[in-house]
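Peer 1: Here's a sequence, model it:
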Amino acid sequence: MSDAAAVPRPGGIASAFIHPVNQIPPLRRLAVLAFQHVLVMYAGAITVPLIIGRALNLDAQAMTLLVNADLVSCGIATLVQTLGLGRVVGIRLPIMMGVTFASVSPMLALIASGNAMGQAPAITLSTIYGSVIVAGLFGLLAAPVVGRMARLFPSVVTGTVILMMGLSLMRVGVDWAAGGQSNDPGYGMPGNLLLALTTLVVVLLLMRFGKGLVRSGAVLLGAVIGTVIAMIFGQTDFSDVAQSHWFAVVQPFQFGMPRFDLSMSLAMCLVMTTVLVESFGMFLAAGELVDCPADRPALVRGLRADALGTLIGGVFNTFPYTSYAQNIGLLSVTGIRSRFVCAAGGVILLAFGLCPKLAAVVAAVPVSVLGGAGLIMFGMIAASGVRILGSVEITSARLLTIAVSIAVGLIPVLSERFFQHVPAALAPITHSGIVLTTISAVLLNLFFGKDASDAEHVIP
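Peer 2: Got it, this is the predicted structure:
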């Protein structure tokens, strides 16, 4: 994506063509589409702070602070990614940012060690935030290096990574549709499955027969209808809305000044490396979906935004940030390509972080409702990968590259215990199907050489 394509021309100069990525929808349409993006990523965005807060046995006030800080940082990171900071940071594509799950394992290990020693939660959190700040600084330095991988991603690699992205997310969609996590008491209950199916059917009907805003906002409207149905059958709980405060203040270093631990910082730098590799594939996917392929400078700017978001997270009492794949799936469903929609989503996330009562309303949407819509979105990501692979001449070498890479990537998706005896420090890599597929596809493409590459599709 060139600079000319990335930034609208100033001064009102007439241009022969304004790319849809740079077009600003009317306000009402913008608000609906932005809220739809927030709805899709909200559950994932608040899960990590909830996991960490529960592991530390934090009280309700501290838990609320973690979630509020997370939402504010999500909003800031999303605005930086979509609008950019000069010619240095931000890919300027429709990308939503949220906390990465890759950081959970090393943080839980530190928490377990701290709890065993009777360490105060604030000290553990300060150590985590110190390592997050170090990881953010490391990411800023590493972004140009990772950006040089662009030529390692011909269409056969890009299509394989995007296909795996969709397949790995399908497990999330299935769990959502069933009611949450497999160990939840209500997991797989007929009511949850029926609610997910109803939402899926409603979204499909709206996309088939709806026009204009109804069609492009099908996921949001489907979620609203699904939630109303859930309310009728008593499957919703809005008690947290009444208990939540109207306003909240998020301040830097609210749990104390950061502490720096070498081993934890190294572990978080490994997480940051994983985030950069994952985001690299997501940027390629987003560029393909909005018909605005990202060139090497744009990719580096996007990676810097991930790193800066992580640095901001460490300052504002939260965790490493990455680009969210589920929102890339939403691009496939709606066909809306404007980056300003996601920028507006960032503003909404900021508002949620500063007004917990609004955030509680979104949190009350049944996860099964999100699952019904998620099955469509994540399936669309996989289909986009298939479409890219369909443009490649399939030789035996390319077929092997695709087959082995997908097989390796599916390992952590199909078997959580497969890598249980591998050192915990490698968990950010071994637990991510997207990272495993990316590494496998790149290495196999290099191994097979010209038999597997398609130079005409190499990123400029």
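
Peer 1: all strands of the protein, in order?
Peer 2: Applying DSSP state E to the chain gives strands spanning 97-99, 321-323.

Peer 1: Pull up the pairing partners for the first one, direction included.
Peer 2: Neighbouring strands of strand 97-99 in its sheet, by DSSP bridges, are strand 321-323 (antiparallel).

Peer 1: Count the neighbours of Met165 for me.
Peer 2: 28 (other CB atoms under 10 Å). Where C-beta positions appear, they are placed from N, C-alpha and C, glycine not excepted.

Peer 1: is it true that it touches Ile434?
Peer 2: Yes - Met165 lies in contact with Ile434 (CB atoms under 8 Å); the separation is 5.5 Å.

Peer 1: any common contacting residues for these two?
Peer 2: Gly281, Ala325 (CB atoms under 8 Å, 6 or more residues apart in numbering).

Peer 1: quick one: the helices in the stretch 251-400 of the chain?
Peer 2: Assigned by DSSP state H, counting those that start in this stretch, the stretch 251-400 of the chain shows helices spanning 262-289, 296-315, 325-334, 339-354, 356-363, 367-390, 396-414.

Peer 1: wait, which of these is closest to Thr64?
Peer 2: Thr64 lies closest, by CB to CB, to one member of the helices of the stretch 251-400 of the chain: helix 356-363, at 6.3 Å.

Peer 1: quick one on the thing from earlier: for the helices of the stretch 251-400 of the chain, give me CSV that also has mean pLDDT.
Peer 2: Shown next, in CSV, are those (pLDDT from 0 to 100):
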stretch, mean pLDDT
helix 262-289, 85
helix 296-315, 93
helix 325-334, 78
helix 339-354, 92
helix 356-363, 72
helix 367-390, 82
helix 396-414, 91
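
Peer 1: Could you dump those helices into a markdown table and include distance to Gln36?
Peer 2: Below are the helices of the stretch 251-400 of the chain laid out as a markdown table (distance: least, CB to CB, whole Å):
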| stretch | distance to Gln36 |
| --- | --- |
| helix 262-289 | 16 |
| helix 296-315 | 22 |
| helix 325-334 | 7 |
| helix 339-354 | 8 |
| helix 356-363 | 11 |
| helix 367-390 | 9 |
| helix 396-414 | 26 |
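
Peer 1: count of neighbours near Asp70?
Peer 2: Asp70: 29 neighbours (other CB under 10 Å).

Peer 1: Test my guess that it contacts Tyr321.
Peer 2: No - between Asp70 and Tyr321 there is no contact under CB under 8 Å: 9.4 Å.

Peer 1: what do these two both touch?
Peer 2: Val99, Gly313.

Peer 1: Put the alpha carbons of stretch 350-359 into CSV.
Peer 2: Once non-C-alpha atoms are left out, stretch 350-359 reads as follows in CSV (Å, rounded to 0.1, in the frame of the first residue of the first chain):
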residue,chain,number,x,y,z
LEU,A,350,-12.2,4.5,24.6
ALA,A,351,-15.8,5.5,25.6
PHE,A,352,-16.4,2.1,27.1
GLY,A,353,-13.2,2.3,29.1
LEU,A,354,-14.2,5.6,30.5
CYS,A,355,-17.9,4.6,31.0
PRO,A,356,-18.1,1.1,32.5
LYS,A,357,-21.9,1.0,32.4
LEU,A,358,-21.8,1.1,28.5
ALA,A,359,-19.3,-1.6,28.5
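
Peer 1: And for that stretch, what's in contact with it?
Peer 2: Contacts of stretch 350-359 (CB under 8 Å, 6+ apart): 38, 42, 46, 64, 67-76, 79, 241, 244-250, 362.

Peer 1: Of those residues, keep whichever come out buried.
Peer 2: Neighbour counting by 16 or more other CB atoms under 10 Å classes 38, 42, 46, 64, 67-76, 79, 241, 244, 248, 250, 362 among these as buried.

Peer 1: which stretches of the chain aren't confidently modelled?
Peer 2: 1-16, 240, 363, 450-460 (pLDDT under 70).

Peer 1: For the residue nearest the centre of it, give me its contacts.
Peer 2: For the chain, the residue nearest the mean C-alpha position is Tyr324 (1.3 Å; CA atoms, centre = their mean). Residues in contact with Tyr324, defined by CB under 8 Å, 6+ apart, are Met41, Gly44, Ala45, Ile95, Met96, Met97, Gly98.

Peer 1: among the residues you listed, who's most crowded?
Peer 2: Top of the contacts of Tyr324 by neighbour count (other CB under 10 Å): Met97, with 33 neighbours.

Peer 1: Count the neighbours of the nearest residue to Gly173 once chain neighbours are set aside for me.
Peer 2: The shortest distance from Gly173 to any non-neighbouring residue, by CB to CB, 6 or more residues apart in numbering, is to Gly374 (3.6 Å). Gly374: 29 surrounding residues under other CB under 10 Å.

Peer 1: so how far is Val174 from Gly374?
Peer 2: 9 Å (CB to CB, to the nearest Å).

Peer 1: Likewise for Met164?
Peer 2: 16 Å.

Peer 1: between the two, who's got more neighbours?
Peer 2: Met164 (30 against 15).

Peer 1: these two touch, right, that one and Ser384?
Peer 2: No - if you go by CB under 8 Å, Met164 and Ser384 don't touch, sitting 11.7 Å apart.

Peer 1: Just give the number of residues close to Ala383.
Peer 2: Quick note: Ala383 (other CB under 10 Å) scores 14 neighbours.

Peer 1: check contacts around it.
Peer 2: Contact analysis of Ala383 by CB under 8 Å, 6+ apart lists Gly166, Ser332.

Peer 1: Check the gap between the residue lying closest to Ala218 once chain neighbours are set aside and Ala223 for me.
Peer 2: Spatially, and ignoring its direct neighbours in sequence, Ala218 is nearest to Leu206 (3.9 Å; CB to CB, 6+ apart). Distance of Leu206 to Ala223, given as CB to CB: 11 Å.

Peer 1: more crowded one of these two?
Peer 2: More neighbours surround Ala223 than the other of Leu206 and Ala223, with 25 against 20 (other CB under 10 Å).

Peer 1: now that one: how far from Gln420?
Peer 2: 36 Å.

Peer 1: One more: Met268?
Peer 2: 22 Å.

Peer 1: Those two: who's more crowded?
Peer 2: Met268 (31 against 9).

Peer 1: check contacts around the more buried one.
Peer 2: With CB under 8 Å, 6+ apart, Met268 has these contacts: Ser103, Pro106, Ser131, Val132, Val134, Ala135, Pro320.

Peer 1: now those residues as JSON lines including neighbour count?
Peer 2: Formatted as JSON lines, those follow (neighbours: other CB atoms under 10 Å):
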{"residue": "Ser103", "neighbour count": "29"}
{"residue": "Pro106", "neighbour count": "22"}
{"residue": "Ser131", "neighbour count": "31"}
{"residue": "Val132", "neighbour count": "29"}
{"residue": "Val134", "neighbour count": "23"}
{"residue": "Ala135", "neighbour count": "30"}
{"residue": "Pro320", "neighbour count": "29"}
